[in-house]
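K.L.:
Provided below for reference: sequence and predicted model.
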Amino acid sequence: MKIVYILLVVLLLPLFASNQERDLQAVFLGRFAKFIEWPESSKTIFTITLIDENPFGNLLTKLYSGKKIHGKKIKIKYVRNLKDIGITDILFITLNDYKKVQKVIKYAQKNSILTISEQRGFAQRGGVIQLGFVMQKPYLVINYDASLKSKIKISSSLLAIAQDVIKEEK
């Protein structure tokens, strides 16, 4: 019986760890905004958009309902296609198609949108923040040059905690 219990714990542990990582990712989406400066805007709503899959379920709504970022009410939006993104501040990308991801990144750069994804190589391909976990600890890769192309400024505090900052040497 003891072996069955241990086996069950070993098999189920990754599921709990995965949920814990998802919860942290959801919290990070809002926290990153505190370290980002967007160009001046007359928008009264701060929008966080997810494109393609929604890995968070209703967690984002629970976390951000009734809250504010930069003094603006938060709106959570879910879209499937580039054409549906519209005006947003943060875009969490779960697309798997390389070409579609590149089109979304270009759109985001033109519209001063902070792009975040957990995909490997996301920051190297022009995304602003790649968020991942290694041994249940978060790590960040920040593409500083991509943030400049998007006309957003990243605080040195956030840059300091990144494991890697992609910055063109001049």
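P.N.:
Looks like it arrived, so ask away. Numbers count the residues shown, from 1 in each chain.

K.L.:
going forward, measure contacts and count neighbours with C-alpha atoms only.
P.N.:
OK.

K.L.:
Not counting its neighbours along the chain, what's nearest residue 111?
P.N.:
Leaving aside its chain neighbours, residue 111 sits nearest to residue 150 (6.8 Å; criterion: CA to CA, 6 or more residues apart in numbering).

K.L.:
and stretch 133-147, which residues are buried?
P.N.:
Across stretch 133-147, burial judged by 16 or more other CA atoms under 10 Å covers 140, 141, 142, 143, 144, 145, 146, 147.

K.L.:
dump the residue contacts of the residue nearest the centre of the chain.
P.N.:
With distances taken as CA atoms, centre = their mean, residue 116 lies nearest the centre of the chain, 3.2 Å away. Contact analysis of residue 116 by CA atoms under 8 Å, 6 or more residues apart in numbering lists 90, 91, 92, 93, 127, 128, 129, 130, 131.

K.L.:
Could you point out the helix or strand that follows the secondary structure element (helix or strand) that the third one belongs to?
P.N.:
Residue 92 belongs to strand 90-93 when elements are defined using DSSP states H and E. Where DSSP H and E defines the elements, the next helix or strand beyond strand 90-93 is helix 98-110.

K.L.:
Quick one: distance of the helix or strand following that next one to the chain centre.
P.N.:
Heading C-terminal from helix 98-110, the first helix or strand you meet, by DSSP H and E, is strand 114-117. When distances are taken as CA atoms, centre = their mean, to the nearest Å, strand 114-117 is centred 4 Å away from the chain's centroid.

K.L.:
What strands flank strand 114-117, and is each parallel or antiparallel?
P.N.:
If you go by DSSP bridges, strand 114-117 pairs up with strand 90-93 (parallel), strand 129-134 (parallel).

K.L.:
could you give the mean pLDDT of the first one?
P.N.:
Confidence over strand 90-93 (mean pLDDT, whole number) is 97.

K.L.:
Let's verify residue 48: helix, strand, or coil?
P.N.:
strand (DSSP: H, G, I helix; E, B strand; the rest coil).
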